[in-house]
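S.K.: what would the 3D arrangement of this be:
(one chain, ligands or ions: 1)
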Amino acid sequence: GDNVHPYALPWAHSGPFSSFDIASVRRGYEVYKQVCAACHSMKFLHYRHFVDTIMTEEEAKAEAADALINDVDDKGAAIQRPGILTDKLPNPYPNKKAAAAANNGAAPPDLSLMALARHGGDDYVFSLLTGYLEAPAGVKVRIGVDDGKAYNPYFPGGIISMPQQLFDEGIEYKDGTPATMSQQAKDVSAFMHWAAEPFHDTRKKWALKIAALIPFVAVVLIYGKRNIWSFTK
Ligand code: HEM
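M.R.: Predicted structure coming up:
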């Protein structure tokens, strides 16, 4: 089917000098951990990335300790242990084959860079997560063939192997924000963008500093030039 264009949403971080809404990014991590992490990895993200960005060191250590990490003991036997800051966030599946087998043949893609990978970026992720609909007349989600698939006009082709994930009050936020479907979609999109672009805020802060200096540098250069070339009068 024809694709529907995503909404154009007023993200806190979308201006040239604007930073992430850290409270939203933190809530987005709660959504990722409680909902998405059952199927999706974020393989470029380590717990240490949370320290002094979206969490205190203590909070990040507690998050890591809360996760079960696959490892080997001294004798090479497979074990699971609580995580530490240098660990990656755990992958829900041992490999792509197992991931595909558990999801009707479509492996859930890694979400580390997903906010930047798809056309439409954050707007696409938000629209996709909130865009599940009854298949319209003429579009068949075929029983038996498309089991586990759903209709979503934002997904290329319209039929996606990820069922609807977000529901009003599907989770509870630690900060008490009402966890509507759209609130969760907004927060997890912000979290995914934050994860994909860790130096986003630093980059924009420097852009602002340099932009603020340009008029002064320009004045010095213009008067300097006039002075240097004044002998030609
Ligand atoms: C695909 C996000 C939860 C299974 C995707 C895609 C995104 C995404 C952005 C890529 C769509 C594309 O290719 O354009 C999320 C988020 C989640 C979440 C933010 C949590 C809120 C889940 C869960 C499952 C799952 C819990 C498993 C039950 C899949 C599968 C695909 C997919 C199988 C591949 C779909 C296809 O290619 O047809 N997800 N997901 N997702 N997701 Fe999720």
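
S.K.: how about the lengthiest helix in the chain: buried residues?
M.R.: When the chain is parsed with DSSP state H, its longest helix is helix 200-228. Neighbour-count burial for helix 200-228 flags 201, 204 (criterion: 16 or more other C-beta atoms under 10 Å). Heads up, the C-betas are built off the backbone N, CA and C, glycines and all.

S.K.: 593 is where my numbering starts, stick with that
M.R.: Will do, 593 is the new start, and the previous item becomes helix 792-820.

S.K.: any idea of the mean pLDDT for it?
M.R.: Helix 792-820 carries an average pLDDT of 95.

S.K.: in space, not sequence, find me the middle residue of the chain.
M.R.: For the chain, the residue nearest the mean C-alpha position is M784 (0.7 Å; C-alpha atoms, centre = their mean).

S.K.: against which helices or strands is the host helix or strand of that one packed?
M.R.: Using DSSP states H and E, M784 sits in helix 773-788. Under the contact definition 3 or more C-beta pairs under 8 Å, 6 or more residues apart in numbering; DSSP states H and E, helix 773-788 sits against helix 614-626, helix 706-709, helix 713-722.

S.K.: residues from this structure in reach of the ligand?
M.R.: Contacts of the chain with the ligand, taken as C-beta under 6 Å from any ligand atom, map to 623, 627-628, 630-632, 695, 698, 700-701, 703, 706, 710, 717, 720-721, 747, 752-754, 757-758, 780.

S.K.: redo that, cut-off 8 Å
M.R.: Applying C-beta under 8 Å from any ligand atom, one finds that the chain approaches the ligand through 623-624, 627-632, 691, 694-696, 698-701, 703, 706, 710, 716-717, 720-721, 741, 747-748, 751-755, 757-758, 776-777, 780-781, 784.

S.K.: that older thread, turn the helices and strands packed on helix 773-788 into JSON lines, including distance to G762, mean neighbour count and mean pLDDT.
M.R.: Output for these, formatted as JSON lines (distance: least, C-beta to C-beta, whole Å; neighbours: other C-beta atoms under 10 Å; pLDDT from 0 to 100):
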{"stretch": "helix 614-626", "distance to G762": "8", "mean neighbour count": "21", "mean pLDDT": "98"}
{"stretch": "helix 706-709", "distance to G762": "20", "mean neighbour count": "17", "mean pLDDT": "94"}
{"stretch": "helix 713-722", "distance to G762": "11", "mean neighbour count": "21", "mean pLDDT": "97"}
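
S.K.: and the ones you listed: which comes nearest Y599?
M.R.: Y599 sits nearest to helix 713-722 of all the helices and strands packed on helix 773-788, at 5.5 Å, using C-beta to C-beta.

S.K.: now for the closest one, which elements pack on it?
M.R.: Checking 3+ C-beta pairs under 8 Å, 6+ apart, helix 713-722 ends up next to helix 706-709, helix 773-788.

S.K.: just the angle between the last one and helix 792-820, please?
M.R.: Going back to what we said before, that points to helix 773-788. With axes from the mean of the first three to the mean of the last three C-alpha atoms, to 10 degrees defining the directions, helix 773-788 sits at 60 degrees from helix 792-820.

S.K.: relative orientation of helix 773-788 and helix 713-722 in degrees?
M.R.: 140 degrees.

S.K.: got the buried residues for helix 773-788?
M.R.: 773, 775-788.

S.K.: these two touch, right, Y743 and G749?
M.R.: No. The pair Y743 and G749 fails to qualify as a contact (C-beta atoms under 8 Å) at a distance of 10.3 Å.

S.K.: more neighbours: those two, which one.
M.R.: It is Y743, of Y743 and G749, that has more neighbours when counted by other C-beta atoms under 10 Å, with 19 against 10.
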